[in-house]
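Asker: Got a predicted structure plus its sequence, pasted below:
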Amino acid sequence: MTTAPDRPRVALALVHYPVIRDRFGGVGATSVSPLNIHDLARAARTYGVAPLYVVTPLLSQQALIGRILSHYREGYGAGANPTRAEALRDVVLSGSINEALDDLCRRRGGYPSVVGTAARQGPKSIGYPDLAARMMENSRTWLLLFGTGWGLGPEAAAQCDFFLGPVRGPGEFNHLSVRSAVAIILDRLFGK
Ligand code: SAM
């Protein structure tokens, strides 16, 4: 019987490509928002989720991410704000979802199960209690995919084994930022 991990072997990916870029369903790449990196890194660190993959194929965006990480992990920012340096410790830049999957496989010794997220109910749906229980009960590795723009593109969605049900409020309005969605979902899965 596999022993339960002391904490779930769960990683998170913030996907900037392929995502839906506009309300007409056009698929492309979005720009990286530095605030997303900081906020998601802090949430991931709080809930024991690592690594946080920041996925973009755009070299200009990779350079931006590199500057942010080096400033806060080794540069002046690290000294001025050590907790921020700690939060960003597990951020890994990735050129694609497949690159993140390969990296995670190297780290954990096996390919992860991939769970997508979206504001709309989709196929392959799984509930929070069920997923939380599966994550705690075995040594499988998991990768949670969060999109940007108008959501994960079809190619990214096709890589998901499951889709978590959308976070919903009591009303019809449902336009959470990815930062809010990540915090809510991680707390539902791993909060004390
Ligand atoms: N309309 C898009 C959708 O359906 O995913 C919302 C895009 S939102 C700006 C960016 C990302 O935040 C989504 O790809 C998803 O990962 C996450 N997200 C946003 N709202 C969510 C919700 N209500 N439930 C779960 N995830 C959500």
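Answerer: Great, that's in hand. The structure displayed is predicted, hence computed values, not measured ones.

Asker: what does this structure have sitting close to the ligand?
Answerer: 117-120, 146-148, 150-152, 166-167, 174, 176-178, 181 (CB under 6 Å from any ligand atom). Just so you know, the C-beta spots here come from the backbone N, C-alpha and C atoms, and that holds for glycine as well.

Asker: Whichever of these end up buried, select them in PyMOL.
Answerer: Burial among the residues of the chain next to the ligand is assessed by 16 or more other CB atoms under 10 Å; the matching PyMOL selection reads:
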select buried, resi 117+118+146+147+148+150+151+152+166+167+176+178+181
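
Asker: Out of the residues of the chain next to the ligand, name the ones that lie in helices.
Answerer: 178, 181 (DSSP state H).

Asker: Report the separation between residue 187 and residue 46.
Answerer: 9 Å (CB to CB, to the nearest Å).

Asker: Can you show me the helices along the protein?
Answerer: Under DSSP H, the chain gives helices at 34-46, 59-73, 76-80, 82-87, 97-108, 128-137, 154-157, 178-190.

Asker: what's the spacing between the longest one and its chain's center?
Answerer: I take that to be helix 59-73. On the basis of CA atoms, centre = their mean, to the nearest Å, helix 59-73 sits 18 Å off its chain's mean C-alpha point.

Asker: Alpha carbons of that helix, in PDB - could you do that?
Answerer: Once non-C-alpha atoms are left out, helix 59-73 reads as follows in PDB (Å, rounded to 0.1, in the frame of the first residue of the first chain):
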ATOM      1  CA  LEU A  59      11.200  34.800 -26.000                       C
ATOM      2  CA  SER A  60      10.400  38.400 -25.000                       C
ATOM      3  CA  GLN A  61       8.100  37.100 -22.300                       C
ATOM      4  CA  GLN A  62      10.600  34.600 -21.100                       C
ATOM      5  CA  ALA A  63      13.200  37.400 -20.800                       C
ATOM      6  CA  LEU A  64      10.700  39.400 -18.700                       C
ATOM      7  CA  ILE A  65      10.100  36.400 -16.400                       C
ATOM      8  CA  GLY A  66      13.800  35.900 -16.100                       C
ATOM      9  CA  ARG A  67      14.400  39.500 -15.000                       C
ATOM     10  CA  ILE A  68      11.600  39.300 -12.500                       C
ATOM     11  CA  LEU A  69      12.900  36.000 -11.000                       C
ATOM     12  CA  SER A  70      16.500  37.100 -10.900                       C
ATOM     13  CA  HIS A  71      15.600  40.400  -9.300                       C
ATOM     14  CA  TYR A  72      13.600  38.800  -6.500                       C
ATOM     15  CA  ARG A  73      15.500  35.600  -6.100                       C
END
